[in-house]
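Trainee: Sequence first, then the predicted structure:
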Amino acid sequence: MGKNAIVGQSGGPTSVINASLAGVYQSCKARGAQVVYGMCNGVAGLLEKRVVDLSAQLHDHLDVELLKRTPSSFLGSCRFKLPAIEEDRSVYEKLFRILEELDIGYFFYIGGNDSMDTIGKLADYGKLVGSDIRFMGVPKTIDNDLMVTDHTPGYGSAAKYIGVIMKEIIRDATVYGTKYVTIVEIMGRNAGWLTAAAALARSEDCEGVDMICLPEVPFDVDHFVEKVAAMQEKKPSVVIAVSEGIKLADGRYVCELADDVHAVDAFGHKTLTGTARFLANTCARQLDTKTRCIELSTLQRCAGHLTSRTDVTEAYQVGGAAAKAAFEGHTGEMVAIKRVSNAPYQSTTELHPISEVANLEKKVPLEWINESHTDMMPEFLEYARPLIQAELTPIYVDGLPCHVRMK
């Protein structure tokens, strides 16, 4: 076995992805790894031999604590799709040569669906050529759409941010007492977990959002306008949460109706934006009302000042569990979170083959959506509320959160 470990981050960042990096780093060092390398910009950077010794970046306990509190991907990210092994072995040959040069025995990739695809392909190639490098996936995504895991690190903090922001938007939207439609666009391509989190805003001190639109339910623009009109007969100001990925019955994304240009990434995913703007403009044209659209965009994934302590803790734990599993001989697997109980909330970790995760999506159960497709059922709230509990207070300097960055 190689004596060193290497870790990368891939896909969209979260506010707690660096807690998983800290977990991998500290667990590998504690288990005797001589060097723990970080890939700069994931596998794409590794192919260019852009790596750093994490010990040169994280000098003491304070740096690690700052890392846990630093949002976005400390090592940088990428959206790089490895080809099928039978289509192009040269990429794999190059990667494994670099890993051999670095004397790597343990390889960790922190990411979502596409990142688990990368781990699966590397583990398959390693088995094919008789390599004893161990490849482990560490889950991460605010979308919460990974299979086998109860939830993903990153989701709890994003859900907390959305719940907080929706409460504040609702307060702002009702000050004038005039007819107003506020449509908030929330991330989520094919799974509506994040948009569903808008339901968390309803509480004793908040009436909650008036409508929630998820990609799990086919969307009808005319029906949507009719619902808004009916709601405004009862209350003038309406606040609605919509997923960026809501689709028409024919499979087209609603945002495509706006005729905006939508780029495509390496995995064939269209860039989705403009859903709220299109629906706000449609309501403004068809109803006698003022409208506004709000895109939370990257704010919901980088709000490090509003992370859930539960989320940070679990993100760190899955990183450590991945290192433990690799040093015990596991490869081609992902660490998953298993919920033990809701009250009190308890969780543990378990391992699953990458084949049960890669290129698959976990959707919001339809039975957690009410009959009118406008709100979430109590089962969802019981699922989500434990994940947003408590806070990890930032370390403030001159009134602003202090972060650690690549030197």
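Mentor: Ah, there it is. Residues are numbered from 1 along each chain as shown.

Trainee: so where is the stretch 51-200 of the chain shaky, pLDDT-wise?
Mentor: For the stretch 51-200 of the chain, no stretch has pLDDT under 70.

Trainee: where exactly do the helices run in it?
Mentor: 61-68, 89-101, 113-129, 155-173, 193-196 (DSSP state H, counting those that start in this stretch).

Trainee: Can you show me the strands along the stretch 151-300 of the chain?
Mentor: For the stretch 151-300 of the chain, the strands defined by DSSP state E, counting those that start in this stretch cover 180-186, 211-213, 237-243, 290-295.

Trainee: what about residue 94, how many neighbours?
Mentor: 13 (other CB atoms under 10 Å). (Each C-beta comes from the backbone N, C-alpha and C, glycine too.)

Trainee: whoops, I mixed them up, residue 297
Mentor: Here the number of neighbours of residue 297 (other CB under 10 Å) works out to 13.

Trainee: give the contact list for residue 215.
Mentor: 188-192, 243, 245-247 (CB atoms under 8 Å, 6 or more residues apart in numbering).

Trainee: Revised request: answer the last question for residue 163.
Mentor: Residue 163 neighbours (CB under 8 Å, 6+ apart): 197-198, 200-201, 388.

Trainee: cool, residue 156 as well?
Mentor: Per CB under 8 Å, 6+ apart, neighbours of residue 156: 308, 310-311, 314, 387-388.

Trainee: Identify the farthest-apart pair in these.
Mentor: Within these, 314 and 388 form the most distant pair, 12.1 Å apart (CB to CB).

Trainee: neighbour-wise, which of those two wins?
Mentor: Between residue 314 and residue 388, counting by other CB under 10 Å, residue 314 is the more crowded of the two (28 against 25).

Trainee: Next, residue 333: phi, psi?
Mentor: phi -130, psi 160 (degrees, to the nearest 10).

Trainee: what about residue 50, how many neighbours?
Mentor: Look at residue 50: counted by other CB under 10 Å, it has 15 neighbours.

Trainee: Then residue 229?
Mentor: Neighbours of residue 229 (other CB under 10 Å): 16.

Trainee: For it, which residues are in contact?
Mentor: Going by CB under 8 Å, 6+ apart, residue 229 touches residue 287.

Trainee: thinking again about what came up before, want to throw the contacts of residue 156 into CSV with pLDDT, distance to residue 367 and secondary structure?
Mentor: Shown next, in CSV, are the contacts of residue 156 (pLDDT from 0 to 100; distance: CB to CB, whole Å; DSSP: H, G, I helix; E, B strand; the rest coil):
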residue, pLDDT, distance to residue 367, secondary structure
308, 98, 25, strand
310, 98, 25, helix
311, 98, 25, helix
314, 98, 25, helix
387, 98, 19, helix
388, 98, 22, helix
